[in-house]
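J.: Got a predicted model here, sequence first, then my questions.
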Amino acid sequence: MTNREKISVAALIQAPVAAVWEYYNGPGHIMKWNCASPDWHTPRAENDLRVGGRFVSRMEARDGSSGFDFEGVYDTVRKNEEIAYTMPDGRQVHITFDESLAATNVNIVFDAENTYPLEYQREGWQAILNNFKKYCEDMAKM
């Protein structure tokens, strides 16, 4: 466990937990929702969803000016309930999926990094989660 400050973001998604889980973890889905703003995208995603498995999502500016791999190794995987992983720099992330009726509450708690202000990090992760929420709810209407 790290001694970094923790940041929390959440979204209530109007879709059943099984669908939310699939959209959150399926590489084809990740490439469609994993960005904080329209000028970014995820052209590649891989996900070995098991304890000890690795994931990587390539996040890039659409104009090609910058990009990075967002990656980690899974510490906990409980289908439709919980995911925890550790990033290469040791920061940890814990995600819970709580279903209530036809909605799913997704809660993400992550260790802050030391480069950017806490509020900037929270806003970025929340923007991605909001994009995920929109994707799930749009998919539920299909």
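T.: Structure received.
J.: Are we agreed that residue 136 is in a helix?
T.: Yes - Residue 136 sits within a helix when classified using DSSP: H, G, I helix; E, B strand; the rest coil.
J.: residue contacts, residue 109?
T.: Counting by C-beta atoms under 8 Å, 6 or more residues apart in numbering, residue 109 makes contact with 6-8, 93-95. Quick note: C-beta positions are derived from backbone N, CA and C, even for glycine.
J.: got it, and residue 78?
T.: Counting by C-beta under 8 Å, 6+ apart, residue 78 touches no other residue.
J.: beta partners for it?
T.: Here residue 78 sits in beta bridges with residue 82, going by DSSP bridges.
J.: gap between it and residue 95?
T.: 10 Å (C-beta to C-beta, to the nearest Å).
J.: Same check on residue 129?
T.: As judged by C-beta to C-beta, residue 129 and residue 95 stand 10 Å apart.
J.: of the two, who's got more company?
T.: The neighbour comparison of residue 129 against residue 95 (other C-beta atoms under 10 Å) goes to residue 129, with 21 against 18.
J.: hang on, that one in a helix?
T.: Yes - under three-state DSSP, residue 129 sits within a helix.
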